[in-house]
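**Student:** what follows is a predicted protein model with its sequence.
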Amino acid sequence: MGTHMDSPEPGSLPTPVTPAGRDGLAAVLDRPGRTVVALDFDGTLAPIVSDPEQARAHPEAVPALAALAPKIASVAVITGRPAEVAVHHGGFAGVSGLDRLVVLGHYGAERWDAVTGDVTAPPPHPGVAAVRAELPGLLDSVGAWRGTWVEEKGRAVAVHTRRADDPQAAFEALREPLTALAGRHGLVVEPGRMVLELRPPGVDKGVALREYVREVGAEVVVYAGDDLGDLPAFAAVEELRAEGVPGLLVCSGSSEVTELAKRADVVVDGPVGVVR
């Protein structure tokens with residue numbers, strides 16, 4: 001499978017390493033107007049940084065998407081972040097060429113449409129507030145890992161260990177108690193790159209992608225991601241392929257997460273590779 005890093009020059013296309021990927025790319029080139037290109041944000045369009053609030057899209061990402069969007073059915077950014085935060089950090093609003101961009105935030109629970117500039121969303125899950133209230137006591141009881149911190153995401157709460165003295169040890173120590181806490185309040189834990197996110201069940205990037213592909217009536221789908229939270233979207237593309245919808249899976253490669261690379265048709269060298 002796609003385990004190599006590929007950094008094509010701007011304007012060139014890498015060769016997918018799988019037959020399904022080659023079929024998917026051929027379908028994109030044959031039917032661009034019926035193609036949806038969906039992308040994760042952090043680690044895919046934006047480099048991973050120690051403070052998520054400082055994350056910004058690669059400087060060439062928006063120009064690349066603005067050049068691509070008018071040639072295809074739609075571009076969608078699917079992210080665990082709140083939709084408005086992704087729009088701000090991505091610089092997606094008011095960009096010529098991205099007038100039909102859609103940002104599906106909180107794994108699809110929120111939606112921002114460039115055409116209106118509005119965010120639509122259902123009421124938040126009550127378990128998020130309950131978890132938020134209990135988190136400080138839980139983190140203290142586990143051992144007050146220095147550098148571990150909580151990110152407030154509105155419809156979810158994320159515990160980051162990247163700044164801890166031993167990030168991986170903190171991550172492993174917190175996984176079980178956070179999973180138990182989430183379960184008591186009807187939430188699930190989504191592990192990522194040195195982060196454990198507690199969020200409502202029944203929403204993931206795969207569900208969001210499938211629903212959007214169906215809404216748009218797309219005949220071809222491309223998805224690019226970098227982290228464990230992108231695996232459901234990869235699975236959705238694989239399911240669509242089995243149903244006769246060609247697809248291309250792109251991994252924004254890193255040394256931290258290798259699962260996606262093993263299932264990808266194309267592996268590129270992080271956000272710069274995605275942009276190219």
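**Tutor:** Okay, I see it. Numbering: from 1, shown residues only.
**Student:** contacts and neighbour counts: CA atoms only from here.
**Tutor:** Fine.
**Student:** need the strands for the stretch 101-250 of the chain, in chain order.
**Tutor:** 102-105, 110-113, 118-120, 149-152, 157-160, 188-192, 195-199, 220-225, 247-252 (DSSP state E, counting those that start in this stretch).
**Student:** and those, which is most packed in?
**Tutor:** strand 247-252 (a mean of 29; mean count of other Cα atoms under 10 Å).
**Student:** run the angle between that strand and strand 220-225 for me.
**Tutor:** Strand 247-252 runs at 20 degrees relative to strand 220-225, counting by axes from the mean of the first three to the mean of the last three Cα atoms, to 10 degrees.
**Student:** which intervals of the stretch 101-250 of the chain have sub-threshold pLDDT?
**Tutor:** For the stretch 101-250 of the chain, applying pLDDT under 70 flags the ranges 143-145.
**Student:** what residues are up against the residue nearest the centre of the chain?
**Tutor:** Ranked by distance to the mean C-alpha position of the chain (Cα atoms, centre = their mean), the top residue is Asp40 at 3.0 Å. Asp40 makes contact with 77-79, 224-226, 230, according to Cα atoms under 8 Å, 6 or more residues apart in numbering.
**Student:** try it again with 7 Å
**Tutor:** Listed by Cα atoms under 7 Å, 6 or more residues apart in numbering, the contact partners of Asp40 are 77-79, 224-225.
**Student:** and the furthest pair within those residues?
**Tutor:** Thr79 and Ala224 (11.3 Å; Cα to Cα).
**Student:** about what we covered before: what's the pLDDT at the residue nearest to the centre of the chain?
**Tutor:** Turning to Asp40, the model gives it a pLDDT of 97.
**Student:** out of the contacts of Asp40, which is nearest to Arg31?
**Tutor:** Ala224 (18.7 Å).
**Student:** before we move on, back to that, make TSV out of the contacts of Asp40 and add distance to Val17.
**Tutor:** Output for the contacts of Asp40, formatted as TSV (distance: Cα to Cα, whole Å):
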residue	distance to Val17
Val77	25
Ile78	25
Thr79	26
Ala224	15
Gly225	17
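**Student:** end to end, how far does stretch 29-47 reach?
**Tutor:** Stretch 29-47 has an end-to-end distance of 28 Å (criterion: Cα to Cα, to the nearest Å).
**Student:** gap between that stretch and the chain center?
**Tutor:** Here stretch 29-47 is found 11 Å from its chain centre; the criterion is Cα atoms, centre = their mean, to the nearest Å.
**Student:** in it, what's buried?
**Tutor:** Judged by neighbour count (16 or more other Cα atoms under 10 Å), stretch 29-47 contains these buried residues: 31-47.
**Student:** correct me, but Val102 touches Trp112?
**Tutor:** Yes: counting by Cα atoms under 7 Å, Val102 touches Trp112, with 5.7 Å between them.
**Student:** picking that back up, closest to Leu98 out of the contacts of Asp40?
**Tutor:** Checking the contacts of Asp40 one by one against Leu98 (Cα to Cα), the nearest turns out to be Val77, at 11.6 Å.
**Student:** check for me that that closest one belongs to a strand.
**Tutor:** Yes: counting by DSSP: H, G, I helix; E, B strand; the rest coil, Val77 is located in a strand.
**Student:** so it bridges to which residues?
**Tutor:** Per DSSP bridges, the residues bridged to Val77 are Leu39, Val103.
**Student:** that one is in contact with His106, isn't it?
**Tutor:** No: here Val77 lies out of contact with His106, judged by Cα under 7 Å, at a distance of 11.0 Å.
**Student:** what does stretch 135-155 contact?
**Tutor:** In contact with stretch 135-155 (Cα under 7 Å, 6+ apart) are residues 81-82, 106, 124-125, 128, 157-161, 163-165, 170, 199.
**Student:** typed the wrong thing, it's stretch 84-99
**Tutor:** Contacts of stretch 84-99 (Cα under 7 Å, 6+ apart): 55-57, 62, 66-67, 69-70, 114-115.
**Student:** doesn't Arg56 make contact with Pro46?
**Tutor:** Just so we're on the same page, residue 46 is Ala rather than Pro. Yes: between Ala46 and Arg56 there is a contact at 5.4 Å, judged by Cα under 7 Å.
**Student:** how far does stretch 156-167 sit from its chain's centre?
**Tutor:** 18 Å.
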